[in-house]
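> sharing a sequence plus its predicted fold:
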Amino acid sequence: MNLPPESCHPGPEALARAAARDLAACLRQLTAGSTHVTIALSGGRIALPFFHALTRELKHEPIRLNKVHWFLADERLVPPDNPESNYGCARKHLLDPLNIPPTQHHPIPPLANPEQAARIADENLRRCTAAFKDNVPVLDLVLLGMGEDGHIASLFPNHPIQPPFPDAAYAPVHNAPKPPATRVTLTWQALTAAQRVWVLISGPNKQQALSRSLQQDPEVPLGRLLLLRNDIRLYVDHTSLQTRAG
Ligand SMILES: O=C1O[C@H](COP(=O)(O)O)[C@@H](O)[C@H](O)[C@H]1O
């Protein structure tokens, strides 16, 4: 598998530390320059070590966090106190420990109707965004994970999404192959328009999806994204390079 050595880390903690250090450096630059910085966070297994490492990095940094607005790359439509909620996890382990005021949190509302939730999420992002590419909001940074099947955000293999309108940043997801079944995700357009995309890949049984992605296999969501843009930063740990047992 062709991965540059700087992308590879011995385990989730080392990966999380490296990504957190890089994000702190990136925020130092971005907050010095602009009035508004927009970041989309993900959930999944790497989220917890990453949020803890990022909290440690940012606690003692003279970064103007009051300029940073926190969005989600995807959400499972469950209440925020449900352990499956991506926002709930981000809030508990990153935003609250850093005392980020609620005006800078932009959760995807966990409504029963994902179409409506996606429209509200799109409007919230547009309201905070200064730059647009073909009317698609440009996020400063999107942080993604990758599942065993190669899914990123809530874009799953063989599971097309239907954005509510052509340049929508968010789309509803029905019958997701991984529970919870009802979700909202950033669209391909939003991932393509973003200034930066970093993917944190950790956890067993991901080797095949990763290797197909690196070959830009469009059937694998990360492979499709790597085909759409060649400037994605990958963080990979050794647990994700293990093959499926048996
Ligand atoms: O369901 C989701 O899964 C992905 C990957 O999570 P992992 O636990 O397999 O690493 C995550 O990036 C996404 O935000 C989440 O909703």
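Noted; the coordinates are in hand.
> low-scoring stretches of the chain, by residue?
Applying pLDDT under 70 to the chain flags residues 1, 243-246.
> who's the nearest residue to Q162 once chain neighbours are set aside bridged to?
Closest residue to Q162 apart from its sequence neighbours, by C-beta to C-beta, 6 or more residues apart in numbering: A171 at 6.4 Å. (Each C-beta comes from the backbone N, C-alpha and C, glycine too.) When bridges are taken as DSSP bridges, the partners of A171 come out as T185.
> does G203 belong to a helix, a strand or coil?
On the three-state scheme (DSSP: H, G, I helix; E, B strand; the rest coil), G203 is labelled coil.
> K59 contacts L98, correct?
Yes - taking C-beta atoms under 8 Å as the definition, K59 is a contact partner of L98 at 7.0 Å.
> which of those two has more residues huddled nearby?
For K59 and L98, the more surrounded residue by other C-beta atoms under 10 Å is L98, and the numbers stand at 17 against 10.
> and the more buried one, helix, strand or coil?
coil.
> need the contact list for it.
Contact partners of L98, counting by C-beta atoms under 8 Å, 6 or more residues apart in numbering, are T55, L58, K59, L65.
> biggest separation within these, which pair?
T55 and L65 (11.3 Å; C-beta to C-beta).
> L94 is in contact with A53, isn't it?
No - between L94 and A53 there is no contact under C-beta under 8 Å: 9.9 Å.
> all helices of this protein, in order?
Listed in chain order, the helices of the chain (DSSP state H) span 12-33, 47-59, 86-90, 114-128, 188-193, 207-214, 221-228.
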